[in-house]
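Engineer: Sequence first, then the predicted structure, then my questions.
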Amino acid sequence: MDVLLTPQAVSEIAGVSVSALAQMRYRGTGPVYRQLSARTIRYREADVQTWIDAAARTQTGELQEVG
């Protein structure tokens, strides 16, 4: 089974606030998440790592992809 992380854990891993993660969910720009209930959000560890890896850049002028 995949490891599921809370928004607080993802916040610490990625160095962004929990509220920033909520905004990313709203905008569709953050890591893939699961909504297990109305107030329970979880992230697969592998999805968080994929999201972080996709943010890699080699220069400031590169086009940024959303997602």
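Structural biologist: Perfect, I can see it now.
Engineer: Going along the chain, name the helices of the chain.
Structural biologist: With DSSP state H applied, the chain shows helices at 7-14, 18-27, 45-54, listed in chain order.
Engineer: closest one to Leu36 among those helices?
Structural biologist: Each of the helices of the chain has some distance to Leu36 by C-beta to C-beta; the shortest is helix 7-14, at 12.1 Å. For every residue, glycine as well, the C-beta is placed using N, CA and C.
Engineer: Spatially central residue in this protein, please.
Structural biologist: What sits nearest the mean C-alpha location of the chain, by C-alpha atoms, centre = their mean, is Pro31, with 2.9 Å.
Engineer: Next one: the nearest residue to that one once chain neighbours are set aside from Ala38, what distance?
Structural biologist: Ranked by C-beta to C-beta, 6 or more residues apart in numbering and with sequence neighbours excluded, the top spatial neighbour of Pro31 is Trp51, at 3.7 Å. Plainly put, Trp51 is 24 Å away from Ala38 if you go by C-beta to C-beta, to the nearest Å.
Engineer: what about those two, which has more around it?
Structural biologist: Set side by side, Trp51 and Ala38 show more neighbours around Trp51, with 19 against 6, by other C-beta atoms under 10 Å.
Engineer: list the contacts for the residue located most distally from the centre of the chain?
Structural biologist: Most distant from the centre of the chain: Gly61, at 22.9 Å, with distances by C-alpha atoms, centre = their mean. The neighbourhood of Gly61, defined by C-beta atoms under 8 Å, 6 or more residues apart in numbering, contains no residues.
Engineer: Understood, closing this out.
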